[in-house]
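1. Generate coordinates for the sequence data below:
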Amino acid sequence: MREIRRRTRVVGAFPDGESGVMLVGARLRHITITKWGTRKYVSMDWLRQHDLEAQHSA
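-> Numbers count the residues shown, from 1 in each chain. The predicted model follows:
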């Protein structure tokens, strides 16, 4: 988010909403193909366990 905010301030004003979306999309694509895309901040084990329990109780 910090990098997107920095780049947005550099541009100033966008000609339309599509331009802002394209900037964010480009940054997210960059993140997914670099080491930043491989970092995990939240363990998904709890969510998987919750889904399994929900399936068994249904």
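2. which intervals of the chain have sub-threshold pLDDT?
-> Regions of the chain meeting the criterion pLDDT under 70 cover residues 7-8, 11, 36-42, 58.
3. Looking at it, which helix is longest?
-> Looking only at the chain and at elements set by DSSP state H, the helix with the highest residue count is helix 17-33.
4. After it, which helix or strand is next?
-> In the C-terminal direction, the helix or strand that comes right after helix 17-33 (DSSP states H and E) is helix 45-57.
5. Just the CA trace of the longest helix of the chain, in PDB.
-> Below are the C-alpha coordinates for helix 17-33, written out as PDB (Å, rounded to 0.1, in the frame of the first residue of the first chain):
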ATOM      1  CA  GLY A  17     -10.700   6.100 -12.700                       C
ATOM      2  CA  GLU A  18      -9.400   3.600 -15.200                       C
ATOM      3  CA  SER A  19      -5.900   5.100 -14.900                       C
ATOM      4  CA  GLY A  20      -5.800   4.600 -11.100                       C
ATOM      5  CA  VAL A  21      -7.000   1.000 -11.400                       C
ATOM      6  CA  MET A  22      -4.300   0.300 -14.000                       C
ATOM      7  CA  LEU A  23      -1.600   1.700 -11.700                       C
ATOM      8  CA  VAL A  24      -2.800  -0.500  -8.800                       C
ATOM      9  CA  GLY A  25      -3.100  -3.600 -11.100                       C
ATOM     10  CA  ALA A  26       0.400  -3.100 -12.400                       C
ATOM     11  CA  ARG A  27       1.800  -2.900  -8.900                       C
ATOM     12  CA  LEU A  28      -0.100  -6.000  -7.800                       C
ATOM     13  CA  ARG A  29       1.200  -7.900 -10.900                       C
ATOM     14  CA  HIS A  30       4.800  -6.900  -9.900                       C
ATOM     15  CA  ILE A  31       4.300  -8.100  -6.400                       C
ATOM     16  CA  THR A  32       3.000 -11.500  -7.500                       C
ATOM     17  CA  ILE A  33       6.000 -12.200  -9.700                       C
END
